[in-house]
Each structure stands twice: as C-alpha cells, then as structure tokens.
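# Kindly return the folded structure for what I paste below:
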Amino acid sequence: MQNVSDKSGQPKTAPLEPEARTLADKVCRQIVTAIVKGDIPPGHKISEPELARTYGISRGPLREAIRRLEGWRLVERKAHVGARVVQLSTRELIEIYRVREALEGMACRQAAQNMTNEEIASLKRLLDEHETSVEQREGRSYFQKEGDLDFHYRIVQGSKNSKLLELLGDDLYHLVRMYRYQFSVSSSRPKRALKEHRQIIDAIESRDEELAEMLMRRHISAARRNIEAKLDVETKPEGDEHV
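Below is the predicted model of the structure:
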C-alpha cells in the first residue's frame, strides 16, 4: 500500500490493488473468527508485526483488515494506547442484549410475515447442521459461522426490513457474535439455545407473528441472564457465598 498526498499536502492511503484487497478480505475473516472464538481475547493489543507473521500478510492489506475491524467495532483505537480488541463493560454488554431483545423480536415478527417457505425449509436444514456441531462439541459451545450460516442473521434477513438488517447485520453483528459464542462455552446453554431456535422457526413456519416475537425475546432474554449469571460468578469475591 502506497502513501500519497491529497491537495492539502496531508498523506492519505492509496486504494488497494484487487489482489491485495482479496487478501485483506481473507485475513479479515480469519481475524474476525479468532476474535469471536477468543483466540485473540478482549483487551488484547493489536500488534501489526505479530499479525503479519501469523497470517503471512504484508502491512498494506493488514492495515485495511484492521480498519474494517474498527468499523465493525471489534477493534478500538485509543490515544497513547493503540489498537486493542474491544472489551465491553458489563453495563454496555447488557445494554446491547436489551437492544437485541427488542430489535430481534421485531425482526422475528416480520420474518413470520415475510419469509418464504423455501427460506424456512433452508433454515430448518441449517439447524440440523448446528445440532450436529453441538453434539460433536458435547454441548460445550455453539459456534455459528457468519452470514448465511448464522441463525440470527438469517432471521433478520427474512424480516425483509433493510433498517433492521443495517442495525443487526452491520453495526452490532460481529460484536454480538463474539459475546454470544464466548458466553456459550462450557455451559448447558448451547443445547437449550438450539431447542429455542427450533421453537422459533416452528412459530415462523406457522405464521404466528406474536408467538415468534415472544419466543425470540425470551430466547435473547435467557441468553442475557446466562451472561449476567456468569459475570456474577466471575466477579464474586472468593469465599463469599452471599455476594
């Protein structure tokens, strides 16, 4: 990636060549997966030399990938600190889940109105694949790949509401994926979540808008309570059973 100057004389970044852009796309997906799974944990400092060695990529495409991660709110850059993987406070995380409960409930209601029979059948097949994945991990985690392989993303798509897709599919999407996965590890939540997903898709297939919305809201509320319980255990002083 070359640095050039604009009319004011300030340096700016030249556009990536197509090959470099493709490489940036690939590495960006790999880093997103590493962050979502916790291989690059919250709060971890982003080291360009380290990532360049890990992923075998030059600085130009790597910087483009990091720029995208900042846009997706997975990485934040602070003065005198540099770039780090985002680490939400408990309050911020719970607030996001409350927003999800309202917006995804609405998306589920509209999905019951607008999803085609073919889309519903495809989503049921996806849940069969997810069930196999959960069984292989013995119920320890429920990792859903991004986009069309993500149940929640498909529901939002099925709502046919572009604003909901913008909010839940862009602004909060990868951040939600990260916490959704990391708080499902080593708990009984994955199997329950899969069962709840099946109940939701059954309500959508029945075109029961109210039930679909209620089930989705309950589903996300249960996930939020799971997070609150885990955070409570992690922050409880050792030896104090009543905090």
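
# Any idea how far stretch 156-170 is from the middle of the chain?
A distance of 14 Å separates the centroid of the chain from that of stretch 156-170, by CA atoms, centre = their mean, to the nearest Å.

# remind me which residues of this structure are low pLDDT?
By pLDDT under 70, the low-scoring segments of the chain are 1-21, 134-149, 171, 184-189, 233-243.

# quick one: the strands in it?
Using DSSP state E, the strands of the chain run over 3-5, 11-13, 75-78, 82-85.

# What are the buried residues along the longest helix along the chain?
In terms of residue count, the longest helix belonging to the chain (DSSP state H) is helix 209-235. Using 16 or more other CB atoms under 10 Å as the test for burial, helix 209-235 gives 209, 211-217, 219-220, 223-224, 226-227, 230. (C-beta placed from N, C-alpha, C; glycine too.)

# could you say what helices and strands that helix packs with?
Counting contacts by 3 or more CB pairs under 8 Å, 6 or more residues apart in numbering; DSSP states H and E, helix 209-235 is packed against helix 90-114, helix 189-205.

# In this structure, which residue is most central in space?
residue 177 (2.0 Å; CA atoms, centre = their mean).

# out of the helices and strands packed on helix 209-235, nearest to residue 45?
helix 90-114 (20.0 Å; CB to CB).

# Report the buried residues of the closest one.
So, applying 16+ other CB under 10 Å, buried residues of helix 90-114: 93-94, 96-97, 100-101, 103-112.

# contacting residues around it?
88, 152, 155-156, 158-161, 164, 167-168, 172, 175-176, 179, 200, 203-204, 206-210, 212-217, 220-221, 223-224, 227-228, 231 (CB atoms under 8 Å, 6 or more residues apart in numbering).

# picking up where we left off before, closest one of the buried residues of helix 209-235 to residue 76?
Using CB to CB, residue 227 is the member of the buried residues of helix 209-235 that lies nearest residue 76, at 20.5 Å.

# Give the full set of residues in contact with the nearest residue to residue 174 once chain neighbours are set aside.
Distances taken as CB to CB, 6 or more residues apart in numbering place residue 72 nearest to residue 174, at 4.6 Å, with adjacent residues excluded. Counting by CB under 8 Å, 6+ apart, residue 72 touches 32, 170, 173-175.

# Quick check on these: which are buried?
Counted by 16+ other CB under 10 Å, those give 32, 173-175 as buried.

# could those residues be laid out in a markdown table, adding distance to residue 117?
Below are the buried ones among the contacts of residue 72 laid out as a markdown table (distance: CB to CB, whole Å):
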| residue | distance to residue 117 |
| --- | --- |
| 32 | 32 |
| 173 | 26 |
| 174 | 30 |
| 175 | 32 |
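
# How is the protein partitioned into domains?
According to the TED database, the chain comprises the domains 23-85, 90-233.

# what's the spacing between the residue nearest to residue 174 and residue 227?
20 Å (CB to CB, to the nearest Å).

# Equivalent analysis for residue 219, please.
Between residue 219 and residue 227 the computed distance is 13 Å (CB to CB).

# Also residue 77?
26 Å.

# Same question for residue 204.
Taking CB to CB, one finds residue 204 at 25 Å from residue 227.

# go on, residue 99?
According to CB to CB, residue 99 and residue 227 sit 14 Å apart.

# so what's residue 43 up against?
If you count contacts by CB under 8 Å, 6+ apart, then residue 43 has 84-85, 87 around it.

# Any figure for the gap between the nearest residue to residue 51 once chain neighbours are set aside and residue 203?
The shortest distance from residue 51 to any non-neighbouring residue, by CB to CB, 6+ apart, is to residue 62 (5.9 Å). To residue 203, residue 62 is 44 Å away according to CB to CB.
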